[in-house]
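**Student:** The sequence isn't on hand, but the structure is:
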């Protein structure tokens, strides 16, 4: 929609309705729709004009995205900054519980992710599938975004609602940089889901001796721990047997 034509339509509507508040509300809604369409058409010039004139910053489009979510997914830093200044809620949940941070992580937009985190976005929010922004970044193999989220306190030793562990895609797709990042931050992640052998196999395949050695040490420690638990389980029974024999 042409910006000048939209302004004419709004002026005509204002004259007809003679209701400034209702006109203002409808004008914002109309500009918001025009903003969404301009962004969809990659028409940044008109999108900026609509934004500067005033839009409903937390309205949802047909895909269940707010304006901030839409610009977060395409990496437009200037737009994202303006929307936040205009009052866009950084943790607003759209369709399927997705937030702007989740979208920026999913599409690998590190600069937008950093901007959102600077404006207090919750790094550990989950969508309807139980996935966090870090889970989405790891799945897509974005090392830069993953590093940023880990540095900002993203939880590592977690699963989505389907029982899939955050580290699993890094193992499956052999994202070695991400794999080492996660293990270095929280080595307890290896104890979940019997993942030690899988990580060890990937490390050997990729020729990463340091990682293979670290995993081997964890495997040995786990074996010792299991043996210790087994002994502790046997001891009370042995004591009882001795008492019965007395």
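**Tutor:** Looks like it arrived, so ask away. The model shown is predicted, which means the values in this text are computed figures rather than measured ones.

**Student:** The nearest residue to residue 191 once chain neighbours are set aside - how many residues pack around it?
**Tutor:** With CB to CB, 6 or more residues apart in numbering as the criterion, residue 191 has its nearest non-adjacent residue at 7.1 Å, and that residue is residue 222. The way it works is simple: take the backbone N, C-alpha and C, and place the C-beta from them, glycine included. By other CB atoms under 10 Å, the residues close to residue 222 number 14.

**Student:** Could you grab the helix/strand/coil label for residue 222?
**Tutor:** Secondary structure, DSSP: H, G, I helix; E, B strand; the rest coil: residue 222 is helix.

**Student:** From residue 185, how far out is it?
**Tutor:** Going from residue 222 to residue 185 by CB to CB, to the nearest Å gives 20 Å.

**Student:** repeat for residue 215
**Tutor:** 15 Å.

**Student:** The two: who's more crowded?
**Tutor:** Using other CB under 10 Å as the criterion, residue 215 and residue 185 rank with residue 215 on top: 24 against 14.

**Student:** Tell me the pLDDT of that one.
**Tutor:** For residue 215, the model assigns a pLDDT of 86.

**Student:** how about it, what does it touch?
**Tutor:** Listed by CB atoms under 8 Å, 6 or more residues apart in numbering, the contact set of residue 215 reads 190, 196, 199-200, 203.

**Student:** Quick check: the gap between residue 66 and residue 81.
**Tutor:** Distance, residue 66 to residue 81, using CB to CB: 15 Å.

**Student:** what does residue 124 give?
**Tutor:** From residue 124 to residue 81 the distance is 23 Å (CB to CB).

**Student:** returning to what we had before: so residue 66 and residue 81 - more neighbours on which side?
**Tutor:** Per other CB under 10 Å, whichever of residue 66 and residue 81 has more neighbours is residue 66, with 25 against 14.

**Student:** That one against residue 90, yeah?
**Tutor:** No: here residue 66 lies out of contact with residue 90, judged by CB atoms under 8 Å, at a distance of 9.9 Å.

**Student:** Identify the contacts common to the two.
**Tutor:** By CB under 8 Å, 6+ apart, residue 66 and residue 90 have these common neighbours: residue 100.

**Student:** Could you measure from the residue nearest to residue 191 over to residue 78?
**Tutor:** Between residue 222 and residue 78 the computed distance is 50 Å (CB to CB).
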